[in-house]
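Peer 1: sequence and predicted structure below; questions after.
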Amino acid sequence: MRPHAEAEPIAFFATPPHACSYLEGREAVTVFAHPGASPDRVTFTALSRQGFRRSGPHVYRPHCPGCDACIPVRIPVREFRPRRSQRRAWRANGDVQVSALAPTLTSEQYALYARYVKTRHAGGGMDAPTPGQCRELLTSPWSETTFYEFRTAAGLLAVGVVDRLEDGLSAVYTFFDPDAAGRSPGVFVVLWEIEQARRLGLEWLYLGYWVRESPKMRYKAEYRPLELLREGVWTREPP
């Protein structure tokens, strides 16, 4: 972490309307922090509390006129209690070993990422990502990012990309072996990140945006209790 100094003001810009990434047939507007901004941990935490996320070095938040479908969510890790299906996923991965690595993107990690997006996100514009595109999406020169590798005897099972905040962890992205679906690796990674936040004495695991109408985002409602950011206030209303 860089020594704390007085933060410089950050300018924000709104994009023109563009195709929504989550809901087909809708337009979206995104607010971005100035591309030259390099927020420290305190500033990035404050932005995360207001619903901003990181993609590569860019800090952004949906700001769509007349639509509030993208709802920031976070898990209060000390109060989380797994469901039966989540307990099964935890037991199914009892042989997994986890390592914390610097965010450098190895060739093995890239190969797993490429397989994952080709299988799970076909047609999403990243079916054949280059190593540079992958690295640009997952890493940032200013964030405190860790690549958590999840391994079995068979090899690399999953990678969880996580940013450290003042009050929690932010789950930036997870990719896993698409042939290991029987293990529920995506569920296991979230459960492990919840436990890691607890071990570090933190309060939250920030999960990004929950979109009720998007099948790819509905899984986030399976983690309870879940806090939702609505009109600038975090609440625990049922999703």
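Peer 2: Cool, got the structure.
Peer 1: stretch 59-69 spans what distance, first to last residue?
Peer 2: By CA to CA, to the nearest Å, the extent of stretch 59-69 from end to end equals 19 Å.
Peer 1: ok, Asp179 to Leu156 distance?
Peer 2: Taking CB to CB, to the nearest Å as the measure, Asp179 falls 12 Å from Leu156. C-beta coordinates here come from the backbone N, C-alpha and C atoms, glycine included.
Peer 1: more crowded one of the two?
Peer 2: Neighbour totals were compared for Asp179 and Leu156, and Leu156 leads with 16 against 10 (other CB atoms under 10 Å).
Peer 1: what kind of secondary structure is the more buried one in?
Peer 2: Following DSSP: H, G, I helix; E, B strand; the rest coil, the label given to Leu156 is strand.
Peer 1: then Val161?
Peer 2: Three-state secondary structure (criterion: three-state DSSP) places Val161 in strand.
Peer 1: for it, what are its contacts?
Peer 2: Taking CB atoms under 8 Å, 6 or more residues apart in numbering as the criterion, Val161 is in contact with Pro103, Leu138, Thr145, Thr146, Phe147, Tyr148, Ala171, Val172, Tyr173, Thr174.
Peer 1: in strands, which of the residues you listed appear?
Peer 2: Assignment to strands by DSSP state E places the following of those there: Thr145, Thr146, Phe147, Tyr148, Ala171, Val172, Tyr173, Thr174.
Peer 1: helices of the chain, residue ranges please.
Peer 2: Remark: helices of the chain, listed N- to C-terminal, are 41-49, 84-92, 107-120, 131-138, 185-199; assignment by DSSP state H.
Peer 1: avg pLDDT for the first one?
Peer 2: pLDDT averaged over helix 41-49 equals 98, rounded to a whole number.
Peer 1: on that earlier part again, quick one: which of the ones in strands among the contacts of Val161 is nearest Leu228?
Peer 2: Distance to Leu228, by CB to CB, is smallest for Ala171 among those, at 15.9 Å.
Peer 1: so the closest one touches Gly160, yeah?
Peer 2: Yes - with contact taken as CB atoms under 8 Å, Ala171 and Gly160 are classed as touching, separated by 6.8 Å.
Peer 1: report the set of residues contacting both of those two.
Peer 2: Looking at what touches both Ala171 and Gly160 (by CB under 8 Å, 6+ apart), the common residues are Glu193.
Peer 1: so which of these two has more stuff around it?
Peer 2: The residue with the greater number of neighbours, taking Ala171 and Gly160 and applying other CB under 10 Å, is Gly160; the counts read 26 against 22.
Peer 1: how confident was the prediction at the spatially most central residue of the chain?
Peer 2: Centroid-nearest residue in the chain, with CA atoms, centre = their mean: Val172, separated by 2.7 Å. Val172 is assigned a pLDDT of 98 by the prediction.
Peer 1: ok, the closest residue to it other than its chain neighbours to Ser143 distance?
Peer 2: Here the nearest residue to Val172 in space, its sequence neighbours aside, is Val161; by CB to CB, 6 or more residues apart in numbering that works out to 4.3 Å. The span separating Val161 from Ser143 equals 10 Å under the rule CB to CB.
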